[in-house]
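# Predicted model follows, preceded by the sequence.
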Amino acid sequence: MTLKNYDNVAERETPNTHYSIGNYPKDSIDWLTRLIAFDTVSRHSNLALIEDVQAYCEQLGLTVDLTFNKERNKANLFVTVPAGKNADEVNKGLVLSGHTDVVPVDGQDWTSEPFTATIRGDKLYGRGACDMKGFIACALTLLPQAVKLSNAGQLRRPLHLALSFDEEVGCLGAPLLLADLKARNITPDYCIVGEPTNMAMVVAHKGIAVYRCRVHGKSAHSSLTAQGVNAISYASRLIGYVDTLAEEISQRDDNDAMFDVPYSTLSVGTIQGGTATNIVPNLCEFTFDYRNLPHMTQDDILAPIAAKVAELNAQMQARAADTGIELLQEESVPAMTDNDSAELQALIAALTGDDKRHKVAYATEGGQFTNSGIPTIICGPGSIEQAHKADEYVALSEMARCDEFLQKLLNSCAIN
């Protein structure tokens, strides 16, 4: 796919016309208000939101494809605005991608109802306002204009919208969506994931893997410690090694200064164990996460950790045969690379008027798209610093910038 990368793309006229479709909103602020009202916390179903968007797309004459989770209480949505009649490569095109789930509000001190959009000053507050229903709202606002171009035979390549579930709990929905696209022989040229970046261009991000470590010891009375194997003590030894390994990988020669945190990180997050002070504990569990630079893999930390586990297991089992340490992986989200996205980066730089490339420590579904062979960048309204917090908000100016950006992106895909 060749996207027009004309020098004056940033100055092209952006129409102010919005289109009302049935009872649906006509602009991105109204759309965002509507989307926030759906409580799509990851532990809940997202089907009400998905069905609402599906009905909107069908009113536009588009065909919607859904992929469900095993329980069929959550779904991904994929819809295509087809290219004009004379365009080729009908299965190619550009994807606008966003996740529909949001993080919980439990225990957070909100000054307004989190699932009711509230405008105060120049900001719109609500759960998901920036992460990432703001981008989805802008994309939905763009769809009628894309359909109009398509019906007039003026869209050179397809424009796709992909909405996923369960991004916030391990990016569980996107792999199902991508597998469905592969089965249908849809191979998009590029993808833009609209996570909040203040409309800056993020070209790469780290991967994330989460592990749970279970240390199985042997109980005994605390006055008879030699008869037991202290699970907490051995867990602490392994935690100390994880911290040492974290320091070692932070000093590697191949770290990347373009990242906001320029090295891969290891961090212990939770720990629990023991029942009473006078009992040698027989179980201790802790979790840690690994956030790797794109050129590093899980083996870079798993191999040395496995060697340390083997050493500790030998010590424990010398005292009691049925003791030991098990390591379980709970999440794995791949890093996003910038290896194949140079053409897309050039277009985004032209559209935004900013050629700076950024790399970030947080993970998105972008790595899953790049792993599927789809060059991807991250660019969306709002700041990641506002995500997951009480009184999450997106600035109204950011929504306007995203509207303008997507309009220019659509223009770049149009036939003159």
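Structure's in. What do you need?

# CA atoms for contacts and neighbours, from now on please.
Noted.

# Quick one: neighbours of M258, just the number.
13 (other Cα atoms under 10 Å).

# Contact partners for the most centrally placed residue in the chain?
Taking Cα atoms, centre = their mean, the centroid of the chain lies closest to T364, which sits 2.6 Å from it. If a contact means Cα atoms under 8 Å, 6 or more residues apart in numbering, then T364 has 167, 171, 195, 205, 333 as its contacts.

# Report the secondary structure state of the nearest residue to the third one once chain neighbours are set aside.
Taking Cα to Cα, 6 or more residues apart in numbering, and ignoring the residues beside it in sequence, E195 has G380 as its nearest neighbour in space, at 5.1 Å. Reduced to three states with DSSP: H, G, I helix; E, B strand; the rest coil, the structure at G380 is coil.

# Does G380 touch C402 like I think?
Yes. Using Cα atoms under 8 Å, G380 is in contact with C402, at 6.7 Å.

# on that earlier part again, so what's the residue count around the residue nearest to E195?
31.

# Tell me the spacing between it and K218.
52 Å (Cα to Cα, to the nearest Å).

# which residues touch the residue nearest to E195?
135, 193-200, 402.

# Now with 6 Å, please.
For G380, the contact set (Cα atoms under 6 Å, 6 or more residues apart in numbering) comprises 135, 194-197, 199.

# And the contacts of stretch 161-168?
42, 76-79, 95-101, 172-174.

# So among the contacts of G380, which ones count as buried?
By neighbour count, with 16 or more other Cα atoms under 10 Å, the contacts of G380 hold 135, 194-197, 199 as buried.

# Name the nearest of the residues you listed relative to T297.
Ranked by distance to T297 (Cα to Cα), the buried ones among the contacts of G380 are led by E195 at 23.9 Å.

# How much space separates the closest one from M201?
Between E195 and M201 the computed distance is 10 Å (Cα to Cα).

# Nearest to T323 among the contacts of G380?
Closest approach to T323 among the contacts of G380 (Cα to Cα): E195, at 44.5 Å.

# Where does that closest one sit: helix, strand or coil?
Applying three-state DSSP: E195 is coil.

# Looking at it now. What's its pLDDT?
Per-residue pLDDT puts E195 at 97.

# next one: the one 10 residues further on
On the pLDDT scale, H205 is placed at 97.

# likewise N86?
We have a pLDDT of 52 for N86.

# before we move on, what about P25?
78.

# hey, where'd the strands end up in the stretch 251-400 of the chain?
Ranges of strands in the stretch 251-400 of the chain, per DSSP state E, counting those that start in this stretch, are 265-273, 279-280, 283-292, 324-333, 357-360, 376-378, 393-395.

# circling back to that earlier point, make CSV from the contacts of G380 and add distance to C413 to it.
Putting those into CSV (distance: Cα to Cα, whole Å) gives the following:
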residue, distance to C413
F135, 19
G194, 18
E195, 22
P196, 23
T197, 23
M199, 20
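
# so where's the stretch 51-200 of the chain uncertain?
Low-confidence segments of the stretch 51-200 of the chain, defined by pLDDT under 70: 85-91.

# for it, what spans make up the helices?
133-151, 174-183 (DSSP state H, counting those that start in this stretch).

# What's the separation between the residue nearest to I325 when sequence neighbours are not counted and K26?
Nearest residue to I325, sequence neighbours excluded (Cα to Cα, 6+ apart): V215, at 4.5 Å. From V215 across to K26, the span is 56 Å (Cα to Cα).

# Those two: who's more crowded?
Neighbours were counted for V215 and for K26 using other Cα under 10 Å; V215 has more, 28 against 18.

# wait, is the more buried one part of a strand?
Yes. Counting by three-state DSSP, V215 falls inside a strand.

# so who does it touch?
Counted by Cα under 6 Å, 6+ apart, V215 has contacts 231, 283-284, 325.

# hmm, 8 Å instead?
231-232, 234-235, 282-285, 323-326.

# May I see the PyMOL selection of the buried members of those residues?
To isolate the buried ones among those in PyMOL, judged by 16+ other Cα under 10 Å, type:
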select buried, resi 231+232+234+235+282+283+284+285+323+324+325
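
# just to revisit the earlier point, any idea which of the contacts of G380 is closest to I50?
F135 (15.3 Å).

# And for that closest one, nearest residue in space, chain neighbours not counted?
For F135, ignoring the flanking residues on the chain, the nearest one in space by Cα to Cα, 6+ apart is G194 at 5.5 Å.

# Now for that neighbour: which residues touch it?
Contact analysis of G194 by Cα under 8 Å, 6+ apart lists 96-98, 132, 135-136, 378-381.
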